[in-house]
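K.L.:
have a look; sequence and predicted model below, questions after that.
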Amino acid sequence: MTRLFASAALLTALLSVALTAPPSRATGQEPKEKSIKIRWLGQSFFQIESAEGRLIAIDPHGIPAFGRPVIPAEFVLVSHSHEDHALVEFVEAQKKDTKLKEADIYRGVVETKPGKQEWKTYDEKRGSIRVRNVATYHDTVNGMQRGKNSIWIIEMNGLVLCHLGDLGHELTAEQVKAIGKVDVLMVPVGGIYTINGEQAQKVTEQIKPRLYALPMHYGVPGYEDLAGPDEFLEGVKKERITKTPETNELVIPLDAKAGEYQIVLLGWRKGEAKKK
């Protein structure tokens with residue numbers, strides 16, 4: 001009889017543990033891994049989505065070869081005023097039944113009077129997202145040829161993203177210091193109007209992104225005004241290069257482990273940017 005009661009007590013204890021134990025991954029009840037999503041829409045146009053679903057657009061364009069996508073965003077960053085970077089009409093407000101206000105458009109370079117450009121300095125927080133910029137030039141002659149350019153630095157969810165805009169030169173030590181630590185770098189590589197592939201390699205090494213380098217502003221089939229990415233990839237080990245022509249989206253877990261940064265060539269296909 002004593003053994004019977006002992007067995008019953010053991011069975012009750014085991015059932016109690018089974019009912020109160022947390023669900024396993026196989027049940028599908030585990031919380032989803034938090035991440036940042038980066039989507040490329042051709043040229044230097046990106047949509048960035050925070051872990052909370054907040055959307056940012058950078059350097060919107062309306063180039064027909066890339067499908068002229070219109071995307072939602074809470075606010076827009078513009079590196080300079082050239083048409084292939086500043087067509088904010090291709091961005092709509094993230095919240096339905098609202099419109100983007102001028103206060104939602106951060107213009108890193110402004111025209112104070114005809115033919116006169118000035119940098120506009122930002123270091124602001126929108127909720128938990130910090131946005132700041134670093135003054136640079138669009139060419140190697142202090143802006144005399146193509147004007148000024150702003151580099152954008154976005155801090156969100158514990159990661160730092162850097163978009164170089166139409167950078168036209170290698171960086172000074174002061175500019176590298178001002179940019180600071182970077183996890184993900186968006187770098188122009190197509191030359192002609194920006195740094196070329198060889199220069200982009202040097203700039204990337206100057207910044208040393210912790211996780212990824214994303215080439216942008218280069219020629220692709222159907223849009224061959226710029227050189228392709230080959231020069232930027234020259235000499236890079238194959239295992240450090242990932243090509244994803246089937247998607248324009250890179251998902252970055254917030255706890256991504258650092259190592260030697262990876263170069264990711266995203267697709268840009270029309271309609272792949274996800275709307276909220």
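P.N.:
It's in. Residues are numbered from 1 along each chain as shown.

K.L.:
tell me, how many residues neighbour Arg268?
P.N.:
Small correction: residue 268 is Trp, not Arg. Using other Cβ atoms under 10 Å, Trp268 has 23 neighbouring residues. In this view, the C-beta of every residue, glycine as well, is placed from N, C-alpha and C.

K.L.:
identify the residue spatially nearest to it, adjacent ones excluded.
P.N.:
Using Cβ to Cβ, 6 or more residues apart in numbering and skipping the chain neighbours, the partner closest in space to Trp268 is Gly42 (4.2 Å).

K.L.:
please apply the same query to His138.
P.N.:
Arg146 (3.7 Å).

K.L.:
quick check: mean pLDDT of stretch 102-118?
P.N.:
Averaging pLDDT along stretch 102-118 yields 91.

K.L.:
oh, that last question was meant for stretch 243-250, not what I typed.
P.N.:
95.

K.L.:
what does stretch 49-58 give?
P.N.:
The model assigns stretch 49-58 a mean pLDDT of 97.

K.L.:
put the alpha carbons of it into CSV.
P.N.:
In CSV, the C-alpha atoms belonging to stretch 49-58 read as follows (Å, rounded to 0.1, in the frame of the first residue of the first chain):
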residue,chain,number,x,y,z
GLU,A,49,12.2,48.6,-40.9
SER,A,50,12.9,48.6,-37.1
ALA,A,51,12.0,45.7,-34.9
GLU,A,52,8.9,47.5,-33.9
GLY,A,53,7.8,47.9,-37.5
ARG,A,54,8.7,51.6,-37.9
LEU,A,55,9.7,52.4,-41.5
ILE,A,56,12.4,54.8,-42.8
ALA,A,57,13.1,55.7,-46.5
ILE,A,58,16.5,56.9,-47.7
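
K.L.:
return the set of buried residues in it.
P.N.:
Glu49, Ser50, Ala51, Arg54, Leu55, Ile56, Ala57, Ile58 (16 or more other Cβ atoms under 10 Å).

K.L.:
looking at this structure, which helix or strand is least sure?
P.N.:
In the chain, no helix or strand scores lower on mean pLDDT, DSSP states H and E than helix 2-20, which sits at a mean of 38.

K.L.:
what's the spacing between the residue nearest the centre of the chain and Met216?
P.N.:
The residue lying closest to the centre of the chain (Cα atoms, centre = their mean) is Ile38, at 4.8 Å. Distance, Ile38 to Met216, by Cβ to Cβ, to the nearest Å: 11 Å.

K.L.:
now the common contact residues for the two.
P.N.:
Listed as contacting both Ile38 and Met216 by Cβ atoms under 8 Å, 6 or more residues apart in numbering are Phe46.

K.L.:
dihedrals phi and psi, Leu233?
P.N.:
When read as degrees, to the nearest 10, the backbone of Leu233 gives phi -90, psi -10.

K.L.:
wait, it touches Ile241, no?
P.N.:
Yes - counting by Cβ atoms under 8 Å, Ile241 is a contact partner of Leu233 at 6.0 Å.

K.L.:
which neighbours do those two share?
P.N.:
Contact criterion Cβ under 8 Å, 6+ apart; residues bridging Leu233 and Ile241 by contacting each: Ile263.

K.L.:
that older thread, so what's the residue nearest to the centre of the chain up against?
P.N.:
By Cβ under 8 Å, 6+ apart, Ile38 lies in contact with Phe46, Gln47, Ile48, Glu49, Leu161, Val184, Leu214, Glu249, Leu250, Ile252, Leu266.

K.L.:
now Tyr223
P.N.:
Contacts of Tyr223 by Cβ under 8 Å, 6+ apart are Gly42, Ile63, Ala65, Phe66.
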